[in-house]
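> turn this into a structure:
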Amino acid sequence: MSLFTWSNELVKKLSWIDVKLTAWGGIFIGLLLARWIPWLSEVNVWYLIVLGGLCLIKVYYVLFFK
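Below is the predicted model:
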């Protein structure tokens, strides 16, 4: 099975909630990478890591364990 076919089968398992959680997880990870913006420097880095992880944990479960 090719990588494209395998990833296509995984994506078919996702609901709209999983897609939104992935988007929010990406946003939090993006904020983590863009910490040089002054007002983001006041936010503790661990909050961004935990929020990104919480958003992505359900998506990983659906993709790899269902």
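> okay, CA-based contacts and neighbour counts for the rest of this
Noted.
> biggest helix in the protein, by residue count?
helix 45-65 (DSSP state H).
> tell me which strands and helices that helix is in contact with?
For helix 45-65, the contact count by 3 or more C-alpha pairs under 8 Å, 6 or more residues apart in numbering; DSSP states H and E identifies helix 3-11, helix 16-33 as packing neighbours.
> can you redo the ones you listed as TSV with mean pLDDT and mean neighbour count?
Below are the helices and strands packed on helix 45-65 laid out as TSV (pLDDT from 0 to 100; neighbours: other C-alpha atoms under 10 Å):
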stretch	mean pLDDT	mean neighbour count
helix 3-11	79	11
helix 16-33	80	16
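> relative to residue 57, which of these is closest?
helix 16-33 (9.0 Å; C-alpha to C-alpha).
> which residues are contacting that closest one?
40, 45, 48, 49, 51, 52, 53, 54, 55, 56, 58, 59 (C-alpha atoms under 8 Å, 6 or more residues apart in numbering).
> state the distance from the last one to residue 32.
Using C-alpha to C-alpha, to the nearest Å, one gets 20 Å for the distance from residue 59 to residue 32.
> same deal with residue 61?
Distance, residue 61 to residue 32, using C-alpha to C-alpha: 23 Å.
> hmm, back to that, is it possible to get JSON lines of the helices and strands packed on helix 45-65 that adds distance to residue 66?
Below are those laid out as JSON lines (distance: least, C-alpha to C-alpha, whole Å):
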{"stretch": "helix 3-11", "distance to residue 66": "9"}
{"stretch": "helix 16-33", "distance to residue 66": "13"}
